[in-house]
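Asker: Dropping a prediction and its sequence here:
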Amino acid sequence: MAISENDVPRLQQVIKIAMDNGASICEVLLYALNHKLGIPSIHTLRAWSTFTTITPTLGPIRNEQLDENIHSNVLSTRTGITSLCGVSFMIDEMALEEMAVHFGKYNMIGGLCWKHSNVVDPILCTYESAVRIAHKIHNREVHLGKEVTVIGVACFGEDELYPVLAAPTCKTEDAADMEGILTHAIERWSMTGAATSVGPVWLFATDGDATCHAAGHRLFIKHPLSMDSPLFAILSDMPGLNTLTGNKEVTLDFDFKHISKGICTLIRSPAHMTLNNGCIINAMMLSWYLLWLPAHNEASITKLLHPDDPQDVLRAIELMQAIIMFSQLQHNSIDNSFSTGVNIRADLVVIKLLSNLIESILLPFIDPNLSLTH
């Protein structure tokens, strides 16, 4: 009120009272900004929001950590749901501040990479315990986690995501290590009874990491789909479809966001693509033609082809959709051999080929009306 009425003396009095009660200038400003923007306070969030608590991985990945997270985040939250559904496991990495953290609940040090944390005892018994851990970190026998590997579980037909693993990683894992993590997660899903009370694992989706891809191929692309499987009758009439699975018909999947980013990285690359008997497609060539789109200008095309963040998934999908839209708008020019010059028509034809490829990859992920028949 004092700010809205420009009541400077009143404002000074309010700030003085707050500082006399132990508040700092930063706290006063943060409080004022919080109210100005209508941001809920921590107290309000704790009272009205639901927070998901996950047991962190302190040391190597163990059964009890996965089991506790499956029980607390999945089984205990689905007590009223009796129908079974297919389950998707997903793995990805998240950014993590590189620092050691004391977890008072367990009196253990966290933030150390799971792969090498077996060389230290994370329990803080004495001052010497902390010194030994510090020496191990300094000598690079164990590392502070650069990222955290997260595994989440989702049920088909539902929007909820249930985290079951959060393990700091130093990014030195090989395919065998990742294979062990994926196998471990599926095994604990069955051993905790989640497979019979929630549903069986249908697929495991990996991120864009090549090491995780290799592990997924070893685990989930090794058995031909059995003729006795209910899926065989549906999928056998789709030539070219990969029908190899893992144990219990678990299939390998990829996060479509990484597929989109990979395609757009190739499109934007200074090294070009060659289609249709030698026609070159690169960012420079596309920038010239995409300017023909009514909804875009030079600035917007530059953002699509040269984004500040190459990991921006929405920007990648926008680029793919722009290429598809351009091809659709040039349909008449492509069909009419005399509507444009020879070189331009050759470019339009090759962009149409690229558009058809992109559309066949993108549509299944963004059009919910499509089915396997389509």
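Answerer: Done, it's in.
Asker: my read: P56 touches A166, true?
Answerer: Yes - using C-beta atoms under 8 Å, P56 makes contact with A166 at a distance of 5.5 Å. In short, each C-beta sits where N, CA and C put it, glycine included.
Asker: Distance check, the residue positioned nearest the centre of the chain against V201.
Answerer: Closest to where the C-alpha atoms of the chain average out (C-alpha atoms, centre = their mean) is D92, at 5.5 Å. From D92 across to V201, the span is 17 Å (C-beta to C-beta, to the nearest Å).
Asker: cool, and H138?
Answerer: As judged by C-beta to C-beta, H138 and V201 stand 41 Å apart.
Asker: Who has more neighbours out of those two?
Answerer: Shown here are H138 and V201; by other C-beta atoms under 10 Å, V201 has more neighbours (23 against 9).
Asker: phi, psi of the more buried one?
Answerer: Main-chain torsions, V201, degrees, to the nearest 10: phi -80, psi 120.
Asker: Give me the distance between it and A130.
Answerer: Separation of V201 from A130 (C-beta to C-beta) stands at 40 Å.
Asker: Same check on G240?
Answerer: Counting by C-beta to C-beta, the gap from G240 to A130 is 58 Å.
Asker: how about the strands in the stretch 251-374 of the chain?
Answerer: Listed in chain order, the strands found in the stretch 251-374 of the chain under DSSP state E, counting those that start in this stretch are 251-254, 273-275, 279-281.
Asker: show me where pLDDT drops low in this protein?
Answerer: 1-8, 11, 48-50, 333-340, 372-374 (pLDDT under 70).
Asker: G240 and A130: which is more packed in?
Answerer: More crowded of G240 and A130, by other C-beta under 10 Å: A130, with 14 against 4.
Asker: which ones are touching the closest residue to K352 other than its chain neighbours?
Answerer: Excluding the flanking residues, the one nearest K352 by C-beta to C-beta, 6 or more residues apart in numbering is S327, at 4.7 Å. Taking C-beta atoms under 8 Å, 6 or more residues apart in numbering as the contact definition, S327 lies against 348, 351-352, 354-356.
Asker: Select from those the one having the most neighbours.
Answerer: Of the contacts of S327, with other C-beta under 10 Å as the count, I351 tops at 24 neighbours.
Asker: I figured that residue hits Y289, correct?
Answerer: Yes - the pair I351 / Y289 is scored as a contact, 6.5 Å apart, by C-beta under 8 Å.
Asker: Find the residues that touch each one of the two.
Answerer: Residues touching both I351 and Y289 by C-beta under 8 Å, 6+ apart: F326.
Asker: With only the CA atoms kept, save stretch 124-138 in CSV.
Answerer: What follows is stretch 124-138, C-alpha atoms only, in CSV (Å, rounded to 0.1, in the frame of the first residue of the first chain):
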residue,chain,number,x,y,z
LEU,A,124,29.9,-39.6,9.2
CYS,A,125,31.0,-41.2,12.5
THR,A,126,33.9,-38.9,13.4
TYR,A,127,35.8,-35.9,12.1
GLU,A,128,38.2,-38.3,10.6
SER,A,129,35.4,-39.8,8.5
ALA,A,130,34.8,-36.4,6.8
VAL,A,131,38.6,-36.0,6.2
ARG,A,132,38.9,-39.4,4.6
ILE,A,133,36.0,-38.6,2.2
ALA,A,134,37.5,-35.2,1.4
HIS,A,135,40.9,-36.9,0.6
LYS,A,136,39.2,-39.5,-1.7
ILE,A,137,37.4,-36.7,-3.6
HIS,A,138,40.7,-34.7,-3.8
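Asker: quick one, helices of the stretch 151-300 of the chain?
Answerer: 175-191, 194-197, 210-220, 232-235, 256-268, 283-290, 298-305 (DSSP state H, counting those that start in this stretch).
Asker: okay, these in a markdown table with distance to G341 and mean neighbour count next?
Answerer: As requested, the helices of the stretch 151-300 of the chain are exported to a markdown table (distance: least, C-beta to C-beta, whole Å; neighbours: other C-beta atoms under 10 Å):
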| stretch | distance to G341 | mean neighbour count |
| --- | --- | --- |
| helix 175-191 | 51 | 18 |
| helix 194-197 | 62 | 16 |
| helix 210-220 | 43 | 19 |
| helix 232-235 | 46 | 12 |
| helix 256-268 | 24 | 17 |
| helix 283-290 | 13 | 16 |
| helix 298-305 | 22 | 15 |
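Asker: ok, the residue nearest to G86 when sequence neighbours are not counted to F220 distance?
Answerer: Computed as C-beta to C-beta, 6+ apart, the closest residue to G86 that is not its neighbour in sequence is W202, at 4.0 Å. Distance from W202 to F220, counting by C-beta to C-beta: 11 Å.
Asker: Now list whatever residues contact both of these two.
Answerer: Jointly contacting W202 and F220 under the rule C-beta under 8 Å, 6+ apart are 250-251.
Asker: give the contact list for G193.
Answerer: L75.
Asker: Phi, psi for it please.
Answerer: Backbone torsions of G193, given as degrees, to the nearest 10, read phi 90, psi 0.
Asker: mind checking how far it is from R315?
Answerer: If you go by C-beta to C-beta, the gap between G193 and R315 works out to 43 Å.
Asker: Now for E93, how many residues are close by?
Answerer: E93: 16 neighbours (other C-beta under 10 Å).
Asker: just V350 next, same as before
Answerer: The number of residues packed near V350 is 20, by other C-beta under 10 Å.
Asker: which residue ranges form the strands in the stretch 1-150 of the chain?
Answerer: In the stretch 1-150 of the chain, the strands defined using DSSP E, counting those that start in this stretch lie at 87-95, 101-103, 108-110, 147-155.
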